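K.L.:
coords please:
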Amino acid sequence: MIHVCRAAVLAMALLTLAIICSDGPARAQGTKDGAKGEPVKITTVDGVDLHGMFFPSSKKDAPTVILLHTLGENGHNKNYLSFAEGMQGDYSVMTFDFRGHGKSKDIDPAIFRKFPQNQRIGNGKKTTIEFTEFGKEYYPVLCNDIAAVKAFLDRKNDTGACNTSSTILVGAETGATLGAIWLNAQWSLYRLVPNAIAGLAPQIAKDSEGKDVIACVWLSISPKLGSHDITLSRALAVPVKLNGTATVFIYGDQDSEGKSRALALEKALKDTKDPKHRYIASYAVDGNTKLKGMKLLSPELKTKKEIALYLDEVVSKKGAESIKRDFRTTDFVWRAGGVPAPAKTRAIDMNNFLFETYAQFLGR
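P.N.:
Okay, here's the model as predicted:
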């Protein structure tokens, strides 16, 4: 079982790995590959068409789970689809391909190449991109894909298809690393709300957007992202150590490197005397296995069941009521010290945040 005192916390922690959004109370439909989800296309702020599958729950306002695949794989991998289908009863789940992976290779060159980071990829005439074309320094830019997916799910939230006030991140290896960086950024992201005094400028909301992520499940999280060394304990300090986001670090019981990393992160981020840290844990998958990432969810292992139990417990204790997101008509700012900077403005793109390199959120 997952360790809560080590065993108790994790056992409790691995309760329910599934919170994702749905476009409405619509029932999931079968597709050619047998998946019980709905194909979706989401265009990022820099003109990349992301493709994914949305698995709506039959329950209204179900928590929202976002699956983040390992770089070099894709979100349509059978392991991701199987996991999404298994979680679909109580959760709405989204799995998608990061840019340059799987089906997410089409771009609008005119938009894509406006950004300096993108100009180094391929050539100006191509309308597609490949992961193998990315320089290793480019990888943090893929956090823009997570931002676009979350914005899409926030719009789904307003139809009752999911509840993004109770969002869960499930990431594998480098996908987990991207998720940790993006989550770190969310704690510096604030929406602007109408001023109580008519005629005055909007005010910055009291709470950051980070509070909407109630749980993270990291499968063999990696401290390396391309050419970047990520100090995970720093990247997760605000979300986990300071604010107590439920987080479990999962590794194979024979993966010595993964074990060392998971135990070190638990030790660095968890105060056993702090009640809000109850759901922070490390968890070894029994089975005499060195498997990593989504392979830890293989049918012969009990990981899926443990994760479901963990998430169910977290949702029951920390889940939030669904609220109207009004994403298209809301502006946001970064508040990471100094003068707040625009993070989204309706004057540029109603469906997306502004382009961000995420360099300041790498946990250095």
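K.L.:
put the alpha carbons of stretch 337-354 into CSV.
P.N.:
Extracted in CSV, the C-alpha atoms of stretch 337-354 (Å, rounded to 0.1, in the frame of the first residue of the first chain):
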residue,chain,number,x,y,z
GLY,A,337,7.5,39.8,-7.8
GLY,A,338,7.6,43.3,-9.1
VAL,A,339,4.9,44.8,-11.2
PRO,A,340,2.2,42.3,-12.3
ALA,A,341,2.6,41.4,-16.0
PRO,A,342,-0.2,40.4,-18.3
ALA,A,343,-0.5,36.6,-18.8
LYS,A,344,-3.7,36.8,-20.9
THR,A,345,-5.6,39.6,-22.6
ARG,A,346,-8.8,39.3,-24.6
ALA,A,347,-7.3,41.8,-27.1
ILE,A,348,-4.9,39.1,-28.3
ASP,A,349,-6.4,35.7,-27.9
MET,A,350,-9.7,34.8,-26.1
ASN,A,351,-8.8,31.1,-25.9
ASN,A,352,-5.2,31.2,-24.7
PHE,A,353,-2.7,32.7,-22.4
LEU,A,354,0.2,34.7,-23.8
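K.L.:
pull the distance from it to the chain's centre.
P.N.:
20 Å (Cα atoms, centre = their mean, to the nearest Å).
K.L.:
what do you get for stretch 230-242?
P.N.:
On Cα atoms, centre = their mean, the centre of stretch 230-242 falls 15 Å from the chain's centre.
K.L.:
if you count neighbours, what's buried in that stretch?
P.N.:
Buried positions in stretch 230-242, judged by neighbour count with 16 or more other Cβ atoms under 10 Å: I230, L232, S233, A235, L236, A237, V238, P239, V240, K241. C-beta coordinates here come from the backbone N, C-alpha and C atoms, glycine included.
K.L.:
from these, which land in strands?
P.N.:
Among the buried residues of stretch 230-242, no member falls in strands (criterion: DSSP state E).
K.L.:
can you redo these as TSV with distance to K105 and pLDDT?
P.N.:
Formatted as TSV, the buried residues of stretch 230-242 follow (distance: Cβ to Cβ, whole Å; pLDDT from 0 to 100):
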residue	distance to K105	pLDDT
I230	26	97
L232	29	98
S233	35	98
A235	28	97
L236	31	98
A237	35	98
V238	34	97
P239	31	98
V240	34	98
K241	38	98
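K.L.:
ok, those residues vs R325, which is closest?
P.N.:
Ranked by distance to R325 (Cβ to Cβ), these are led by P239 at 19.9 Å.
K.L.:
quick one: which of the buried residues of stretch 230-242 is nearest V213?
P.N.:
Nearest to V213 among those, with distances taken as Cβ to Cβ, is P239, at 7.2 Å.
K.L.:
which member of the buried residues of stretch 230-242 is positioned nearest I214?
P.N.:
Looking across these and measuring by Cβ to Cβ, the closest to I214 is P239, at 10.7 Å.
K.L.:
before we move on, the earlier item: including distance to A284, could the buried residues of stretch 230-242 go into CSV?
P.N.:
Shown next, in CSV, are the buried residues of stretch 230-242 (distance: Cβ to Cβ, whole Å):
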residue, distance to A284
I230, 22
L232, 18
S233, 19
A235, 23
L236, 20
A237, 24
V238, 27
P239, 23
V240, 19
K241, 22
